[in-house]
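>>> pasting a predicted model and its sequence here:
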Amino acid sequence: MQKEFDRLKGICKKSGIEQKTWSYRQHYLRYHVQKTSSILEQIGIAYDSTLTFAEIAGFRCGCCYEYPLYDLINRRRLKLREQPLLVMDRSLISPKYMNLNYDDAYDFITKCKQRCELFDGDFVILWHNNLVVEKVQKELYQSILSS
(Lines give C-alpha, C1' and ligand atoms only; values in the text may rest on other atoms or scores of the structure.)
Protein backbone atom coordinates (compact mmCIF):
# COMPACT_ATOMS: atom_id res chain seq x y z
CA MET A 1 0.00 0.00 0.00
CA GLN A 2 2.87 2.37 0.74
CA LYS A 3 4.31 1.86 -2.76
CA GLU A 4 0.91 2.45 -4.37
CA PHE A 5 0.30 5.56 -2.29
CA ASP A 6 3.76 6.96 -3.07
CA ARG A 7 3.13 6.34 -6.77
CA LEU A 8 -0.22 8.15 -6.59
CA LYS A 9 1.33 11.13 -4.80
CA GLY A 10 4.10 11.23 -7.44
CA ILE A 11 1.60 11.25 -10.29
CA CYS A 12 -0.43 13.97 -8.59
CA LYS A 13 2.69 16.08 -8.04
CA LYS A 14 3.70 15.76 -11.72
CA SER A 15 0.15 16.74 -12.69
CA GLY A 16 0.18 19.82 -10.47
CA ILE A 17 -2.30 18.39 -7.99
CA GLU A 18 -1.49 19.31 -4.40
CA GLN A 19 -3.24 17.92 -1.36
CA LYS A 20 -2.46 18.28 2.31
CA THR A 21 -4.96 15.64 3.41
CA TRP A 22 -5.55 12.28 1.77
CA SER A 23 -8.60 10.09 2.14
CA TYR A 24 -9.30 6.52 1.13
CA ARG A 25 -12.00 3.98 0.43
CA GLN A 26 -11.23 0.27 0.37
CA HIS A 27 -13.32 -2.24 -1.54
CA TYR A 28 -14.99 -4.30 1.17
CA LEU A 29 -13.51 -7.56 -0.16
CA ARG A 30 -10.02 -6.23 0.49
CA TYR A 31 -10.71 -4.59 3.84
CA HIS A 32 -9.19 -6.49 6.76
CA VAL A 33 -10.77 -5.24 9.98
CA GLN A 34 -7.68 -6.01 12.08
CA LYS A 35 -5.07 -4.54 9.74
CA THR A 36 -6.30 -2.07 7.14
CA SER A 37 -6.95 0.94 9.38
CA SER A 38 -3.54 0.72 11.04
CA ILE A 39 -1.81 0.44 7.68
CA LEU A 40 -3.71 3.46 6.35
CA GLU A 41 -2.63 5.52 9.33
CA GLN A 42 1.00 4.40 8.93
CA ILE A 43 1.18 5.49 5.28
CA GLY A 44 -0.35 8.90 5.95
CA ILE A 45 -4.05 8.62 5.14
CA ALA A 46 -6.20 10.93 7.28
CA TYR A 47 -9.71 9.71 6.45
CA ASP A 48 -11.34 6.46 5.41
CA SER A 49 -14.83 5.97 3.96
CA THR A 50 -14.97 2.20 3.61
CA LEU A 51 -17.69 1.33 6.08
CA THR A 52 -20.97 0.96 4.23
CA PHE A 53 -23.30 -1.77 3.03
CA ALA A 54 -23.21 -2.50 -0.69
CA GLU A 55 -26.69 -4.04 -0.56
CA ILE A 56 -28.51 -1.01 0.82
CA ALA A 57 -27.61 2.64 1.22
CA GLY A 58 -27.95 4.32 4.57
CA PHE A 59 -26.41 4.62 8.00
CA ARG A 60 -24.36 1.43 8.49
CA CYS A 61 -22.24 3.08 11.15
CA GLY A 62 -25.32 4.48 12.86
CA CYS A 63 -24.18 8.07 12.42
CA CYS A 64 -23.23 10.76 9.94
CA TYR A 65 -20.23 12.10 11.84
CA GLU A 66 -16.58 11.26 11.47
CA TYR A 67 -14.99 9.35 14.32
CA PRO A 68 -11.58 7.86 15.15
CA LEU A 69 -10.90 4.27 14.19
CA TYR A 70 -9.36 1.73 16.53
CA ASP A 71 -6.38 -0.59 16.18
CA LEU A 72 -7.80 -3.93 17.33
CA ILE A 73 -4.42 -5.67 17.50
CA ASN A 74 -2.52 -3.02 19.49
CA ARG A 75 -5.65 -1.85 21.31
CA ARG A 76 -5.25 1.85 20.71
CA ARG A 77 -7.18 4.73 19.21
CA LEU A 78 -5.94 5.72 15.77
CA LYS A 79 -5.48 9.19 14.32
CA LEU A 80 -7.22 7.85 11.20
CA ARG A 81 -10.83 9.04 11.06
CA GLU A 82 -13.81 7.23 9.54
CA GLN A 83 -16.16 9.33 7.45
CA PRO A 84 -19.10 6.94 7.08
CA LEU A 85 -20.17 6.39 3.48
CA LEU A 86 -23.95 6.84 3.40
CA VAL A 87 -24.83 6.49 -0.27
CA MET A 88 -23.16 4.58 -3.08
CA ASP A 89 -24.71 4.77 -6.54
CA ARG A 90 -24.62 1.03 -7.21
CA SER A 91 -26.39 0.27 -3.94
CA LEU A 92 -29.37 2.27 -5.17
CA ILE A 93 -29.53 1.45 -8.87
CA SER A 94 -28.12 -2.05 -9.30
CA PRO A 95 -30.71 -4.79 -9.89
CA LYS A 96 -28.68 -6.97 -7.53
CA TYR A 97 -29.16 -4.49 -4.66
CA MET A 98 -31.94 -1.93 -4.09
CA ASN A 99 -32.90 -1.78 -7.80
CA LEU A 100 -34.38 1.73 -7.63
CA ASN A 101 -35.30 3.78 -10.67
CA TYR A 102 -33.70 7.22 -10.90
CA ASP A 103 -36.67 9.07 -9.36
CA ASP A 104 -36.82 6.73 -6.36
CA ALA A 105 -33.03 6.89 -6.01
CA TYR A 106 -33.24 10.68 -5.91
CA ASP A 107 -35.96 10.53 -3.23
CA PHE A 108 -33.92 8.09 -1.13
CA ILE A 109 -30.80 10.25 -1.38
CA THR A 110 -32.74 13.39 -0.53
CA LYS A 111 -34.09 11.76 2.64
CA CYS A 112 -30.55 10.72 3.68
CA LYS A 113 -29.26 14.24 3.05
CA GLN A 114 -32.11 15.74 5.08
CA ARG A 115 -31.34 13.45 8.02
CA CYS A 116 -27.71 14.52 7.90
CA GLU A 117 -28.70 18.19 7.80
CA LEU A 118 -31.13 17.70 10.69
CA PHE A 119 -28.27 16.50 12.89
CA ASP A 120 -25.63 18.78 11.35
CA GLY A 121 -23.81 15.72 10.04
CA ASP A 122 -21.74 14.94 6.97
CA PHE A 123 -23.36 13.52 3.85
CA VAL A 124 -20.75 11.25 2.25
CA ILE A 125 -21.58 9.90 -1.20
CA LEU A 126 -19.72 7.71 -3.71
CA TRP A 127 -20.71 8.08 -7.34
CA HIS A 128 -18.76 6.10 -9.94
CA ASN A 129 -17.75 8.06 -13.04
CA ASN A 130 -19.22 5.43 -15.36
CA LEU A 131 -22.66 6.30 -13.94
CA VAL A 132 -22.60 9.86 -15.22
CA VAL A 133 -22.42 8.98 -18.91
CA GLU A 134 -26.05 9.02 -20.07
CA LYS A 135 -28.09 12.22 -19.90
CA VAL A 136 -30.47 10.86 -17.23
CA GLN A 137 -27.50 9.77 -15.10
CA LYS A 138 -25.89 13.20 -15.34
CA GLU A 139 -29.18 14.88 -14.44
CA LEU A 140 -29.59 12.67 -11.37
CA TYR A 141 -26.05 13.33 -10.20
CA GLN A 142 -26.32 17.08 -10.75
CA SER A 143 -29.67 17.22 -8.95
CA ILE A 144 -28.16 15.41 -5.96
CA LEU A 145 -25.27 17.86 -5.75
CA SER A 146 -27.51 20.90 -6.05
CA SER A 147 -30.25 19.79 -3.65
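Right, received. Where do you want to start? Please read all numbers here as calculations on a predicted model, not as lab measurements.

>>> which neighbouring elements make contact with the longest helix anywhere in the chain?
Taking DSSP state H as the criterion, the chain has its longest helix at helix 102-118. Counting contacts by 3 or more C-beta pairs under 8 Å, 6 or more residues apart in numbering; DSSP states H and E, helix 102-118 packs against strand 87-88, helix 89-93, helix 135-146. Yep, even glycine has a C-beta here, placed from its N, CA and C like the rest.

>>> who's in contact with that helix?
57-59, 64, 86-87, 92-93, 98, 100, 121-123, 125, 136-137, 140, 143-144, 147 (C-beta atoms under 8 Å, 6 or more residues apart in numbering).

>>> could you rerun that using 7 Å?
57-58, 64, 86-87, 92-93, 100, 122-123, 136, 140, 143-144, 147 (C-beta atoms under 7 Å, 6 or more residues apart in numbering).

>>> that older thread, now tabulate the helices and strands packed on helix 102-118 in TSV and tack on distance to Ala46, mean pLDDT and mean neighbour count.
Shown next, in TSV, are the helices and strands packed on helix 102-118 (distance: least, C-beta to C-beta, whole Å; pLDDT from 0 to 100; neighbours: other C-beta atoms under 10 Å):
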stretch	distance to Ala46	mean pLDDT	mean neighbour count
strand 87-88	21	94	21
helix 89-93	24	94	20
helix 135-146	23	92	13
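
>>> quick one: these as JSON lines, columns for distance to Cys116 too.
Listed next are the helices and strands packed on helix 102-118 as JSON lines, based on distance: least, C-beta to C-beta, whole Å:
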{"stretch": "strand 87-88", "distance to Cys116": "10"}
{"stretch": "helix 89-93", "distance to Cys116": "16"}
{"stretch": "helix 135-146", "distance to Cys116": "13"}
